[in-house]
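# sequence and predicted structure below; questions after.
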Amino acid sequence: MEELFVRMASLLSRFEEQKGGRDQSSIYLFGECRLDTKNQQLQTTAGNHILSFKETALLEMLLQHKNVILERQQMLLKLWGDDSHYNSRSLDVFMAHVRKMLKDEEDVQLMSVRGIGYKLLC
């Protein structure tokens with residue numbers, strides 16, 4: 001049992017090091033919106049939205065690269081681990097969900113750059 005606890009402590013410490021290495025806040029403010037990645041919540045002028053893990057990760061990635069074109073393949077590899085056709089279609093569905101939540105925001109625009117990827121303007 002003691003060895004199990006030591007191994008678990010070791011794994012947890014490695015996880016905390018990786019997590020702490022990012023040194024990023026879990027709160028993002030953009031336009032009139034607030035994204036809380038820890039609680040997976042998005043506050044907009046239209047109200048509060050509960051996000052899925054993928055929606056949260058996708059929006060966080062867009063915010064980390066705001067006002068810059070983010071390549072579709074890069075997004076697929078980071079979020080799904082591969083860029084297959086099926087995952088590509090999933091990305092389209094998640095982007096539609098995020099767009100729907102941000103549609104009433106005047107200061108925030110989610111652009112598609114044909115053949116390349118997406119760009120979040122805020």
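Nice, I can see it.

# next secondary structure after the least confident helix or strand in the chain by mean pLDDT?
For the chain, using mean pLDDT, DSSP states H and E, the weakest element among its helices and strands is helix 2-22, scoring a mean of 70. Later in the chain than helix 2-22, the nearest helix or strand by DSSP states H and E is strand 27-30.

# please compute how far that next one lies from its chain's middle.
With CA atoms, centre = their mean, to the nearest Å as the basis, strand 27-30 stands 12 Å off its chain's centre.

# and the next element down the chain from that strand?
strand 33-36.

# pull the CA atoms of that next one into PDB?
Output of strand 33-36 as PDB, limited to C-alpha atoms (Å, rounded to 0.1, in the frame of the first residue of the first chain):
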ATOM      1  CA  CYS A  33     -17.600  38.200 -22.400                       C
ATOM      2  CA  ARG A  34     -15.900  36.200 -19.700                       C
ATOM      3  CA  LEU A  35     -14.600  32.600 -20.200                       C
ATOM      4  CA  ASP A  36     -13.900  30.600 -17.100                       C
END
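
# next one: the helix or strand following it to chain centre, how far?
Using DSSP H and E, the helix or strand that follows strand 33-36 in sequence is strand 41-44. Distance of strand 41-44 from the chain centroid (CA atoms, centre = their mean) equals 13 Å.

# which secondary structure elements does the next helix or strand after strand 41-44 contact?
Sequence-wise, the next helix or strand downstream of strand 41-44 (DSSP H and E) is strand 47-50. Contacts defined by 3 or more CB pairs under 8 Å, 6 or more residues apart in numbering; DSSP states H and E place strand 47-50 against strand 41-44. Any C-beta I mention is one placed from the backbone N, CA and C, and that applies to glycine too.

# pLDDT of the strand it packs on, averaged?
Here strand 41-44 scores 94 as its mean pLDDT.

# can you check stretch 113-121 too?
For stretch 113-121, the mean confidence score works out to 91.

# tell me the buried residues in that stretch?
Buried residues in stretch 113-121, counted by 16 or more other CB atoms under 10 Å: 117-120.

# next: stretch 30-41.
30, 33, 35-37, 40.

# touching, H97 and E55? I think so.
Yes - using CB atoms under 8 Å, H97 is in contact with E55, at 5.8 Å.
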